[in-house]
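Trainee: for reference, the sequence and a predicted model appear below.
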Amino acid sequence: MPIHPTAIVHATANIADSADIGPFCVIEAGVEISARTRLMANVFMEGPTWIGEDNIFFPYTTVGVASQDLKYRGERAETRIGHRNRIREFVTIHRGTEGGGLVTRIGDDNLLMAYTHVAHDVHIGNHCVLANGATCGGHVVIGDWVTVGAFTGLHQFCRVGRHAIIGGYSVITQDVMPFSNTTTPREAKSYGANSIGMERRGVPAEIIDALNKALRLLTRGGLNTTQAIERIREEVPPCAEVDELIAFIQSSERGVIK
């Protein structure tokens, strides 16, 4: 395997023959790196960490290090990263804690731009983009196909539903509804469906129309959440995506941004 002579790789690390470890990388014990994953330079990884295939880690990323949670007492916790992710410069990814299931997990085909922070016990799905400086507090859960704008902060335990887009510089303190376009000029507000994003991913027009109508009732109908859900069930053509939206709202413990 191509390992630069300046890299430090622990004898117990499990590195695939086709992985590429660049100059000044440090790979500690308990790290497993799968085929064709590349660490460009100055990447630091601690275990237990599992890295899938065809990922690329840009310089100065830090993966699998101990949580900043003051309750963390060194319990064995891990980091798991899937396939084909692009992890840009100075990204920090912390391992899990006992209070959050002992694992931080990132799925497949994600782009984490420079200075993104993924705290302990965060779960990120597939096909997500986290722009520069996006910050995920502990226990944040992000669904598939989510875009998080630059310098956005997500409070601990918040959830972001799939296909949502969050505008830059937002402060997210409640759950973000799936399929929504949400931003916070000063106070977080949802501005309807993420129509363009769903169109690009081939979501049928009738489903987008149904979601637009449902989200209008939720955000601009002058109704409380219970009333809005009743109206959605009466007036919006049923589909799995609208059902998902309603189920997400009803399962929220922090409330959703409207």
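Mentor: Perfect, thanks for sending it.

Trainee: where do the helices sit along this protein?
Mentor: 195-200, 205-220, 225-235, 240-250 (DSSP state H).

Trainee: what distance do you get for Lys213 to Glu244?
Mentor: 15 Å (C-beta to C-beta, to the nearest Å). Any C-beta I mention is one placed from the backbone N, CA and C, and that applies to glycine too.

Trainee: for the stretch 51-200 of the chain, which spans come out with low pLDDT?
Mentor: Filtered on pLDDT under 70, the stretch 51-200 of the chain yields the residue ranges 186-187.

Trainee: so how far is stretch 116-124 off the chain centroid?
Mentor: In terms of C-alpha atoms, centre = their mean, to the nearest Å, the centre of stretch 116-124 is found 7 Å from the chain centre.

Trainee: how about Ala66, what does it touch?
Mentor: 46, 72, 74, 94-95 (C-beta atoms under 8 Å, 6 or more residues apart in numbering).

Trainee: returning to that earlier point: which of the helices of the chain has the highest mean neighbour count?
Mentor: helix 205-220 (a mean of 19; mean count of other C-beta atoms under 10 Å).

Trainee: packing partners for that one?
Mentor: Under the contact criterion of 3 or more C-beta pairs under 8 Å, 6 or more residues apart in numbering; DSSP states H and E, helix 205-220 touches strand 189-193, helix 195-200, helix 225-235, helix 240-250.

Trainee: adding distance to Ile172 as columns, could you present the ones you listed in TSV?
Mentor: Listed next are the helices and strands packed on helix 205-220 as TSV, based on distance: least, C-beta to C-beta, whole Å:
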stretch	distance to Ile172
strand 189-193	11
helix 195-200	17
helix 225-235	18
helix 240-250	15
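
Trainee: I'd say Gly52 and Thr79 touch.
Mentor: No - shown here, Gly52 and Thr79 do not form a contact pair, counting by C-beta atoms under 8 Å, at 11.7 Å.

Trainee: re earlier: export the helices of the chain as a markdown table, with columns for distance to Pro185.
Mentor: Converted to a markdown table, these look like this (distance: least, C-beta to C-beta, whole Å):
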| stretch | distance to Pro185 |
| --- | --- |
| helix 195-200 | 20 |
| helix 205-220 | 15 |
| helix 225-235 | 22 |
| helix 240-250 | 23 |
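
Trainee: of all these, which lies closest to Gln156?
Mentor: For Gln156, the closest of the helices of the chain is helix 240-250, at 18.5 Å, according to C-beta to C-beta.

Trainee: out of Gly52 and Thr79, which sits in the more crowded spot?
Mentor: Per other C-beta atoms under 10 Å, whichever of Gly52 and Thr79 has more neighbours is Thr79, with 26 against 20.

Trainee: ok, now how distant is the nearest residue to Glu206 once chain neighbours are set aside from Gly82?
Mentor: Sequence neighbours aside, Pro237 is the residue nearest to Glu206 in space, at 7.2 Å (criterion: C-beta to C-beta, 6 or more residues apart in numbering). Separation of Pro237 from Gly82 (C-beta to C-beta): 35 Å.

Trainee: show me which of those two is the more surrounded one.
Mentor: Neighbours per residue (other C-beta under 10 Å) separate Pro237 from Gly82, with Gly82 holding more: 21 against 11.

Trainee: quick check: phi and psi on that one?
Mentor: Torsion angles at Gly82 (phi, psi; degrees, to the nearest 10) stand at phi -80, psi -140.

Trainee: just the pLDDT at Gly22, thanks.
Mentor: On pLDDT, Gly22 comes in at 96.
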